[in-house]
Every structure is written in C-alpha cells, then in structure tokens.
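In: Fold the following, please.
(2 chains)
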2 protein chains.
Amino acid sequence: MKHGKHVAVVGATGAVGREILLCLERRGWKPSEVRLLASARSAGRELPFAGGSRAVEELRPESFRGVDVALFSAGSAISREFAPHAAQAGAVVIDNSSAFRMDEDVPLVVPEINAEDVRLAARKIIANPNCTTIVTLMALAPLHRAFHCRQVIASSYQAVSGSGAQGIVELEQQVQASVRGEALTLQVYPRQIAFNVIPQVEAFIDNGYTREEMKMQNESRKILHAPELRVSATCVRVPVYRSHSVSVTAVFEGAPDPGRAREVLAAAPGIQVMDDIAAGSYPTPLDAANGDDCLVGRIRVDLALDNALAFWVVGDQVRKGAALNAVQIAEIL
Amino acid sequence: MKHGKHVAVVGATGAVGREILLCLERRGWKPSEVRLLASARSAGRELPFAGGSRAVEELRPESFRGVDVALFSAGSAISREFAPHAAQAGAVVIDNSSAFRMDEDVPLVVPEINAEDVRLAARKIIANPNCTTIVTLMALAPLHRAFHCRQVIASSYQAVSGSGAQGIVELEQQVQASVRGEALTLQVYPRQIAFNVIPQVEAFIDNGYTREEMKMQNESRKILHAPELRVSATCVRVPVYRSHSVSVTAVFEGAPDPGRAREVLAAAPGIQVMDDIAAGSYPTPLDAANGDDCLVGRIRVDLALDNALAFWVVGDQVRKGAALNAVQIAEIL
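Out: Just a heads-up that it's a prediction; the model follows:
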C-alpha cells in the first residue's frame, strides 16, 4: 500500500516519528495525504516531507477521518487512548508502543520473520516489537528456523536514542559538561550515562528483571511462535548515540556449525554478515547507524554450553528497531 | 612484608605502575627503598611517593640488586626479559603481564581466592591475573565455593584504561574532536571508541575468540582449581574511562537461591553487594572507580538455564584488577 493512501503519523515530531517520514520517502511512498499528529505543544511546527513541508496538527480522537494507515509512535498511553479511535475510523494501526504487543488478537510482526501474522489483526491493530528484540531476532530467527533454538542468554549495549531525543540530549549535555569540567545533571537516566554504563533499561519487576529484559523473552516467543523458548537478558544502556548491540549465546536442538550459521544468515533478508576475524571484520554500532540492515559477526561455537553458538548482532534501533519495521509492516498489508 | 623491604616497580610511569605506588602508600607500606624502573625514555622523570618524589631509572638486567620484591607492569616482553634477572638477584617477582600466568610452576593468585597458592612459586615468580578475570572471579569464586560452578557465560563492558594511559588519551581526544565537529583519529583501537562499542579486546585466535576471552576461561580454571570449568566470554570495549563491568550467567551444580547468593557474597572479602532493585541500587563503573572493592548487583535466577544465576559485577580494573591485587600478593608473602 505505498501509493494513493492516506497516512497518519502519530508522534511525528519524535525521534521515531521523524525517522518514519524519512523511511516513507526513501522507500518511494506516494501517499495521497500525510497527516502529522502530535501533542498540542508541537501543533503548527513544520516538518519536511517529500521535498516540501507539512504542518503538525494536534492529535485528537477525530484526527483519523479518512486515514488508511496510522503509524503510532508516541508511547503506550497515547496508543491506548487513540489507537481505538483510529481503528474505528477505518485505519489500520501500526503501533510502536508496548501497549498491545502481548494482546492475543494483535499480531506482533517483523516482516522478514512472521509477515503472515498480519492476517490475525482482528482489531485492525498490528504491533511493532521492542527494538532490542527486533535486532536480536533479525539474527536469531533464521538460525532458529534452521536449527531450532531453545535457550538464549543475551547482554545488550543499548544506545541513548532508544530513549528518544531526550536521551541524545542527556548524553550530549553530560559529555559537554564533562569536557568543560562542569557539574553534570541527570534528567532522563537514573545515573550518569556519559563515560558510564547503566545496567537498567526501563523499570524493574518482581523477578529481578526489567520490563525491557522480559520483552526479550515474551516478544521473542510470540514472534517466533516458540512458546517454550527461554530467554534470559541483561539490558544495559551505553554512551552510544545510535544502534543497539547484543551479545548472544543461543542453544539449539542440534549442534550448528558456525560456517553453516554464516551461510544461513548470509541468505536471510535484512541482515548482513560481517564476520571475518582475520580481516578484523565485525560490526560496531557506528557501522549499523543509519542503515536498514542489521549486522552480525563474532559467530563462533559457544565454549560453555553444548549445541550453542555465540554471536554479536548490531542494528539501528531507531530505523529497523522501530520506524523501518513499522513502514515495512504497512507495505505488506 | 610491608616494612623495611626494598621494592622495585617496573613500568612505574604507566597507569598500573603509578597505581601500585598509590596502593603501597595507602596501605601503609614503609619500604626501606623504592626503585622506580621504566624505559630509557622515562629515565630521570620524578614520580611522587610517600610525600617526596623519586627519580625513575632505566630498567637494566642489573637493576634488581638488593631488591626484595619486584612488581612488574610493563607488558609481556619486558617481563619475559627482565623477570628472570630479578628472580636471580633474589627478588620475588609479582608480574602483572600474561607472560607467565599459565606456567605450571607460576602461581596465579587473587589473594581473597587462592592466597595459599603462593607457596607453589618455584621460580620466585607469581602472576597477577587478567583484570576482567579478577573482577569476574571476585563475585564468582565465593559462589563457586558455596554452590560449585560448572559453566559461565560472560559479556564484558571494559574501560579504556585497560589499554593503559594511551587508551584514556584516545577516548579523550576522540570525544573532544567529536564535540568540536572535527575528524577523529584512531591510534590505539581498531575502530572509533567514542560513542561506540568494540567487540574486540586483544587479538583473535583460531577458534573465533580473542586472547582476552580465552584468559577468562584458562585463568579462571587455574585460580579456582577447576579444570573442567567452561567459560564462554565476549569481551567488549566501551567508552568508559575506568572500571570493567561484566554481565555473568553462571550454572551451578545445585540450584542456588538469589537470597542465599547475596548472603554468601555479603560475607566474602573484597566484594560489596549493591543489589536492591526497589531502591534502584546496582553498581555502575563510576561507583567502582577508585575503590578497592568489586561491586555486585542484579543477582537473580537466570531464566534461560537451569540451576543458574545471572549477576552484574563491576570493579576498578586498574586497582583491584591490577595494582591492588599485586600489592596484596606482596603482602601475603
């Protein structure tokens, strides 16, 4: 549905909203209309699109009249309140928040992995998965299909843009204050993020894990249709602007050979293998930033567990982890 | 042997050498003499010690006459060449390089864990373990003693000071260039380290792991007297100045309860439990920097593996990971 459709972007002024507009342009969308929706505070701001610019309108229940597809990226509370209005007005909602992800009648989709699940969208709502989960699964899903994954241990290295524009500003300001020898202020993160790492992404729940870490297990199970999959994650914020990295150990039913795993990944869509240690080739966040593909390297036999591989996957979480994935979902409708 | 001994510090002008001098002072050493040894380039430089200052001398084979204990921290090549001279001159060598660590007649010692191994020093050489290994084992060893560890999966977040003073300079210069919008130069690391993470610490070997990663398995086995222990590590450099962090999943023979693990760790020397998620308490590198103790938090049941705990441990790798550990070894002789 790239042409002649009426598209609404909710949260258009945010980091993901703006990236959605870029993705629509870059992928050749020619919508009949693009409606940019945000809070009253942002109404009237002009955002560039397709060579021109469009004014941001205040998001209201009646904003979705005539809209064919509404891409939401303004947090769970906004999605819970306004997605039903959009669906009722006839739009298909693609929601980037966690509001509906685990609802049974809402498909949770990474197009390269489970595009066919969009047909299950009983409420005209399709959810976009968590960014760290998308990046991890872009490498894990092809391996799962080939070798059947049972257990995953993951430690992440997550960029500040995962917290939106305010995360970027916090790191910039702390770095500048640090370089000038001034006192640092904390607003977004519970600890200093400049020249530090923080082993907490989102709030803790009772089992000692954070919500972000539990999404890695719960969303992976739903996307892969693997209800028995066990995922143990440690999600860590690092002073990187863009792209999440994940160090993964995955246990399989068989004993996959790293060479065979590289072949499987090289043939999979949306992922590039960068894995030649003799040439010093492996991905870093800077390699993945502003790219569509996730990058995988450091593929090797895990030394601690039987039938296991270790690997390192990196992806631009604003793009493939959010905006691009949402636009790709719209394209398969 | 804190008093009246003749101490030599080899590599005195380096990051670890200077920290060794600070540790000797802070721990109340009153040596009869302190000889500061380094390359010819540094000879004549004055370094502060015990309220005064001492001149650095050029390291030569004959530098060790009359020396009781020689603390080496100038890289493997220097240790291989000069440690035998020091031992022959009658000194006990405590070597911070990897030159002798895996030699059968050289004990590899973390005083809180295997102090008794110093008696095995047949060649008067005692090795100081790898910094990431020390930080990890400070938390793992008490748990191993209580619950018998069999397998470890570790992902590290390693500070640039692990590469010595030049690592610190590289990060500082790249950050400043980045803030000024100038081009960045790479000298120490194969990729940009400012606002990036690099999944390579040290050179690769044939099995797809780096030397640093293999040290985690090989040195842990030797220190813990656990030749069957399996350790799979992914070592990653992060833009942090000081203190290494490690995300660990450890599989035990029994099924240790996190509460019991906290009790075991709280009673262990050299480690502090910072683990109260309700209060947002967990350690970050900044919490551990310039402290003697390693800090452990995020202790929880691992969701992917049976009989396993996940935890997060942080330690100042220049101090406990190198200088302090070496001085502590000297103290138990």
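In: you'd agree A:Phe147 is up against A:Asp257?
Out: No - contact criterion Cβ atoms under 8 Å: A:Phe147 and A:Asp257 do not qualify, at 9.6 Å. In this view, the C-beta of every residue, glycine as well, is placed from N, C-alpha and C.
In: Which residue of these two possesses the greater neighbour count?
Out: A:Phe147 (21 against 12; other Cβ atoms under 10 Å in any protein chain shown).
In: OK, contacts around that one?
Out: A:Phe252, A:Glu253, A:Gly254, A:Pro256, A:Ala261 (Cβ atoms under 8 Å, 6 or more residues apart in numbering or on different chains).
In: again, only using 7 Å
Out: A:Phe252, A:Glu253, A:Gly254, A:Pro256 (Cβ atoms under 7 Å, 6 or more residues apart in numbering or on different chains).
In: And those residues, which two are furthest apart?
Out: Between any two of the contacts of A:Phe147, the greatest separation by Cβ to Cβ is 9.4 Å, found for A:Glu253 and A:Pro256.
In: Of these two, which one has the most company?
Out: For A:Glu253 and A:Pro256, the more surrounded residue by other Cβ under 10 Å is A:Pro256, and the numbers stand at 21 against 11.
In: Can you read off the pLDDT for the more buried one?
Out: Per-residue confidence (pLDDT) for A:Pro256: 89.
In: Which pLDDT value goes with the nearest residue to it once chain neighbours are set aside?
Out: Counting by Cβ to Cβ, 6 or more residues apart in numbering or on different chains, A:Pro256 lies nearest to A:Phe147, which is 4.3 Å off, once chain neighbours are set aside. A:Phe147 is assigned 97 on the pLDDT scale.
In: same question, A:Met1
Out: The model's pLDDT for A:Met1 equals 63.
In: got it, and the one 10 residues further on?
Out: As summarised for this prediction, A:Gly11 has a pLDDT of 97.
In: Quick check on the residue nearest to A:Pro256: phi, psi?
Out: The phi/psi pair for A:Phe147 (degrees, to the nearest 10) reads phi -130, psi 0.
In: Enumerate the residues of the stretch 201-333 of chain A near chain B.
Out: Applying Cβ under 7 Å from any Cβ of the partner chain, we find that the stretch 201-333 of chain A lies next to chain B at A:204, A:207-209, A:217, A:230-232, A:234, A:236, A:238-241, A:245, A:247, A:249, A:258, A:277, A:280, A:282, A:284-286, A:298, A:300, A:302-305, A:310, A:312.
In: Those residues in helices, which ones?
Out: Those of these mapping onto helices are A:Gln217, A:Pro258, A:Pro285, A:Leu286, per DSSP state H.
In: List only those of those flagged as buried.
Out: A:Gln217, A:Pro258, A:Pro285, A:Leu286 (16 or more other Cβ atoms under 10 Å in any protein chain shown).
In: Hmm, B:Val197 and the last one touching each other?
Out: So that's A:Leu286. No - the pair A:Leu286 and B:Val197 does not pass the contact test of Cβ atoms under 7 Å, sitting 9.3 Å apart.
In: where exactly do the strands run in the stretch 101-250 of chain A?
Out: With DSSP state E, counting those that start in this stretch applied, the stretch 101-250 of chain A shows strands at A:125-127, A:149-157, A:230-234, A:244-252, listed in chain order.
In: possible to save those strands as TSV with mean neighbour count?
Out: Formatted as TSV, those follow (neighbours: other Cβ atoms under 10 Å in any protein chain shown):
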stretch	mean neighbour count
strand A:125-127	25
strand A:149-157	26
strand A:230-234	25
strand A:244-252	27
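In: Columns distance to A:Ser76 on top of those, output as a markdown table?
Out: Formatted as a markdown table, the strands of the stretch 101-250 of chain A follow (distance: least, Cβ to Cβ, whole Å):
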| stretch | distance to A:Ser76 |
| --- | --- |
| strand A:125-127 | 11 |
| strand A:149-157 | 21 |
| strand A:230-234 | 20 |
| strand A:244-252 | 20 |
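In: ok, now which ones touch the residue of the stretch 101-250 of chain A found nearest chain B?
Out: Closest residue of the stretch 101-250 of chain A to chain B, Cβ to the nearest Cβ: A:Gly208 (3.2 Å). For A:Gly208, the contact set (Cβ under 7 Å, 6+ apart) comprises B:Pro258, B:Ile277, B:Arg300.
In: In a markdown table, list the residues you listed along with distance to chain A.
Out: Formatted as a markdown table, those follow (distance: Cβ to the nearest Cβ, whole Å):
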| residue | distance to chain A |
| --- | --- |
| B:Pro258 | 7 |
| B:Ile277 | 4 |
| B:Arg300 | 3 |
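In: Poorly predicted segments of chain A, please.
Out: A:1 (pLDDT under 70).
In: let's go with 90 and repeat that
Out: A:1-3, A:50-51, A:121-122, A:179, A:254-256 (pLDDT under 90).
In: Show me where chain A has its helices.
Out: So, for chain A - with DSSP H - the helices run A:15-26, A:76-88, A:111-114, A:131-147, A:165-179, A:211-224, A:258-266, A:285-288, A:324-332.
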